[in-house]
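Asker: Return a 3D structure for these sequence lines:
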Amino acid sequence: MGESNRYLRHQAWLDAHYFITNNNLLHINDATEALLAKYRKGDTRALLLLVEYPNAQSAQDAYRDFVKFYLSNVSGQVPVQIEDGTWTSCRLSGNLFIAVFNAVRAVDANRLLDEVEKKRLLQKENGYGKEDKKGVPKR
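Answerer: Residues are numbered from 1 along each chain as shown. This is a model prediction of the structure:
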């Protein structure tokens, strides 16, 4: 369950809560919506970052840059153990970039990614984000 949530529209706000790099690798801007959440479930703790882009191509560009520059010592394999011994993992789901930071175990990082992706797919199946007959997005 999320302990705290931070909604972001600027890279500097993300950096204030979890520093990734001096560059805006995730292309966070006024056209994106981002959420950083402290996550705890049992003995599992991690940071969850979701960034929704206006389209899948923008998400792919950000994912490519993140993997290339932040996870540069990885040959396409995630999760990766970083210097402090915790695990980082990420993936794309359409126009949504999903990342987990500071997971204690690799399996925890992947499990959290799986949970988020399953929830997103269920929301899509149930019409979340689609417009009603009047053109108003459903939430």
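
Asker: can you pull the contacts of the residue lying closest to Gly94 once chain neighbours are set aside?
Answerer: The shortest distance from Gly94 to any non-neighbouring residue, by C-beta to C-beta, 6 or more residues apart in numbering, is to Ala56 (5.6 Å). For every residue, glycine as well, the C-beta is placed using N, CA and C. Applying C-beta atoms under 8 Å, 6 or more residues apart in numbering, we find Ala56 in contact with 92, 94-95.

Asker: and if you look at Phe66?
Answerer: 25-26, 90, 97, 99.

Asker: could you redo the last one with a cut-off of 7 Å?
Answerer: By C-beta atoms under 7 Å, 6 or more residues apart in numbering, the residues touching Phe66 are 25-26, 90.

Asker: name the element it belongs to?
Answerer: For Phe66, the host element (DSSP states H and E) is helix 56-69.
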